[in-house]
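Visitor: Sequence and predicted structure are below.
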Amino acid sequence: MLRAFKRQKIADECGFCKDNVAPSFKDVVRLKRYLTERHLIVPRKYSSVCASHQRQYAAAVKNARFLALIPYTDVHAL
């Protein structure tokens, strides 16, 4: 049985601003941190990512999915 996503804040500040990095589709480990168990993008409210980085992050996840670095759903997981 899959564990349900807990709706808790991950951090109080943007992780990308704190580390001074931009979201990249190549950084799969960092991208997976902001995905749920079912591989959905976590909303800004719970991920504590700033608006500009959330837009960049969503685009990076979509690029990584297209290149098969991240699965679209948990059913397609490798």
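Guide: Done, it's in.

Visitor: shaky segments in this protein?
Guide: The chain contains residues with pLDDT under 70 at 1-11, 76-78.

Visitor: what residues are up against the residue sitting nearest the centre point of it?
Guide: With distances taken as Cα atoms, centre = their mean, the residue of the chain nearest its centroid is Tyr34 (2.9 Å). Taking Cβ atoms under 8 Å, 6 or more residues apart in numbering, we find Tyr34 in contact with Ile10, Ile41, Val42, Ser47, Val49, Tyr57, Val61. Backbone N, C-alpha and C define where each C-beta goes, glycine included.

Visitor: If we use 10 Å, what do you get?
Guide: 10, 15-16, 23, 41-44, 46-49, 53-54, 57-58, 60-61 (Cβ atoms under 10 Å, 6 or more residues apart in numbering).

Visitor: Let me know the secondary structure of Val75.
Guide: With DSSP: H, G, I helix; E, B strand; the rest coil as the basis, Val75 sits in helix.

Visitor: Would you check how far apart it and Arg38 are?
Guide: 9 Å (Cβ to Cβ, to the nearest Å).

Visitor: just checking, what packs against the lengthiest helix in the chain?
Guide: Longest helix in the chain by number of residues (criterion: DSSP state H): helix 51-66. Here helix 51-66 touches helix 15-19, helix 28-33, helix 44-47, going by 3 or more Cβ pairs under 10 Å, 6 or more residues apart in numbering; DSSP states H and E.

Visitor: Can you mark which positions in it are buried?
Guide: His53, Gln54, Gln56, Tyr57, Ala60, Val61, Asn63, Ala64, Arg65 (16 or more other Cβ atoms under 10 Å).

Visitor: part of a strand, is Ala68?
Guide: No. Ala68 is assigned coil when assessed by three-state DSSP, not a strand.

Visitor: returning to what we had before: tell me which of the helices and strands packed on helix 51-66 sits nearest to Leu69.
Guide: Relative to Leu69, the nearest member of those by Cβ to Cβ is helix 28-33, separated by 5.2 Å.

Visitor: Much appreciated, bye for now.
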